[in-house]
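Peer 1: Here is my input; please provide its structure:
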Amino acid sequence: MEATRTKPLDLLDKQQLSQIREKNDFRNIFALCLDWGLIVFGLSIFYYFPSVFTFISAVILIGSRQFALAVLVHDGAHNLLFSNLKVNDFFSQWLCAYPIFQDNRVYRPYHLKHHRFTETEDDPDLALSAPFPITKVSFFRKVLRDLTGITGFRRYSQALISILKTDGDNISDRLKGIWFKIHGFLITNILIFLAISFFFHWSLYFLLWWLPAFTYYSLIIRIRNIAEHCVTSGSTDLDNTRTTLTNPIVRFLMAPHRVNYHLEHHLFMMCPWYNLPKAHKMMIKNGFKDKMCISNSYRSVLNKAVSA
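Peer 2: You can find the predicted model right below:
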């Protein structure tokens, strides 16, 4: 069943909508350079100043930037990364999706279905929010699986198995289908491995590229999923999705590229990430604050989602 839609013009006027839909390609050029630059910085601080502290810091920093790339994959799926659609698809695939084992060709239709059927029985993401609230013991087990890499192993192994199960009329067709699905990941990760090996040490590809992806990245994906749709009333478009306000440090480590303004994203799908705070302010100015699902911190969301 398709969710009842609230039209953008029911919330903002034409001038406001025009403002929040404005694209600025340079913002995303800067975002890409910053995210990859911080990944290099994370590798550098441990390589040149090796210690337990710099290692943990690098894992957290790089994991947060891998998630930042995933957020840009998301904007690319909405054709919001760059104004030119071919440029949008190229950069979202080769600089964002493929390096972290994602594929916008698969993610885009899946995600748009989530928008169409948000929090209904046809929502492909419903399984992520439906079990909540959960007990503290259950939540602790999930976090433990995230931090020990079990969640990441399941995620990547399931994706790989799905690719290897590609059908074909014969072996040749099947191999072509597998190559079509996996070539971007292999090419980008070979290049990343070679770059890390040349400038740092080959072992850091596993310690500071894949370990963050298996651990910290998994944890912040879980917390983000909880914050976005769990324990909401789900009765209207204004309260079946949550915006979570937070401070700059938490936003940098867990909610890059304004991904915490998730309600505004659902209401205005053609709004680039850097305009979401502006859309939030406009909504409040227009008198919708009391109808919107807004939390003041991720801790407050977890308190609702995790019972005694």
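Peer 1: CA atoms for contacts and neighbours, from now on please.
Peer 2: OK.
Peer 1: Is Gly152 in contact with Thr215, as I believe?
Peer 2: Yes. Counting by CA atoms under 8 Å, Gly152 touches Thr215, with 6.6 Å between them.
Peer 1: list residues touching both of the two?
Peer 2: Shared contacts of Gly152 and Thr215 (CA atoms under 8 Å, 6 or more residues apart in numbering): Asp146.
Peer 1: what's Gly37 in contact with, if anything?
Peer 2: If you count contacts by CA under 8 Å, 6+ apart, Gly37 has none.
Peer 1: Return the set of buried residues in the longest helix belonging to the chain.
Peer 2: Taking DSSP state H as the criterion, the chain has its longest helix at helix 171-199. Residues of helix 171-199 classed as buried: 174, 177-179, 181-182, 184-185, 188-189, 192-193, 196 (neighbour count, 16 or more other CA atoms under 10 Å).
Peer 1: Show me what that helix packs onto, helices and strands only.
Peer 2: Other helices and strands packing on helix 171-199, by 3 or more CA pairs under 8 Å, 6 or more residues apart in numbering; DSSP states H and E, are helix 150-164, helix 203-205.
Peer 1: Tell me the first helix or strand C-terminal of the last one.
Peer 2: Toward the C-terminal end, the helix or strand that comes next after helix 203-205 (DSSP states H and E) is helix 211-214.
Peer 1: Please list the residues outside that following helix that contact it.
Peer 2: Counting by CA under 8 Å, 6+ apart, 59-60, 62-63, 66, 100, 146-153 sit against helix 211-214.
Peer 1: can you list the helices and strands packed on helix 171-199 in CSV and add distance to Glu228, mean pLDDT and mean neighbour count?
Peer 2: As requested, those are arranged in CSV below (distance: least, CA to CA, whole Å; pLDDT from 0 to 100; neighbours: other CA atoms under 10 Å):
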stretch, distance to Glu228, mean pLDDT, mean neighbour count
helix 150-164, 19, 93, 15
helix 203-205, 31, 98, 16
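Peer 1: related to what we said a few turns ago, put the buried members of the contacts of helix 211-214 into a ChimeraX selection.
Peer 2: Typed into ChimeraX, the line below selects the buried ones among the contacts of helix 211-214, using 16+ other CA under 10 Å:
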select :59,60,62,63,66,100,146,147,149,150,151,152,153
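Peer 1: and the nearest residue to Ser295 once chain neighbours are set aside, how far is that from Ala227?
Peer 2: Nearest residue to Ser295, sequence neighbours excluded (CA to CA, 6 or more residues apart in numbering): Thr244, at 4.8 Å. Applying CA to CA, to the nearest Å, the value for Thr244 to Ala227 is 7 Å.
Peer 1: Now do the SS call for the spatially closest residue to Pro272 that is not a sequence neighbour.
Peer 2: For Pro272, ignoring the flanking residues on the chain, the nearest one in space by CA to CA, 6+ apart is Leu80 at 5.6 Å. Assigned by DSSP: H, G, I helix; E, B strand; the rest coil, the conformation of Leu80 is coil.
Peer 1: Show the contacting residues for Leu80.
Peer 2: Contacts of Leu80 (CA under 8 Å, 6+ apart): 23, 88, 270-272.
Peer 1: cool, and Met254?
Peer 2: 64, 220, 224.
Peer 1: Considering those residues, which possesses the most neighbours?
Peer 2: Within the contacts of Met254, Ser64 tops the neighbour count with 28 neighbours, counted by other CA atoms under 10 Å.
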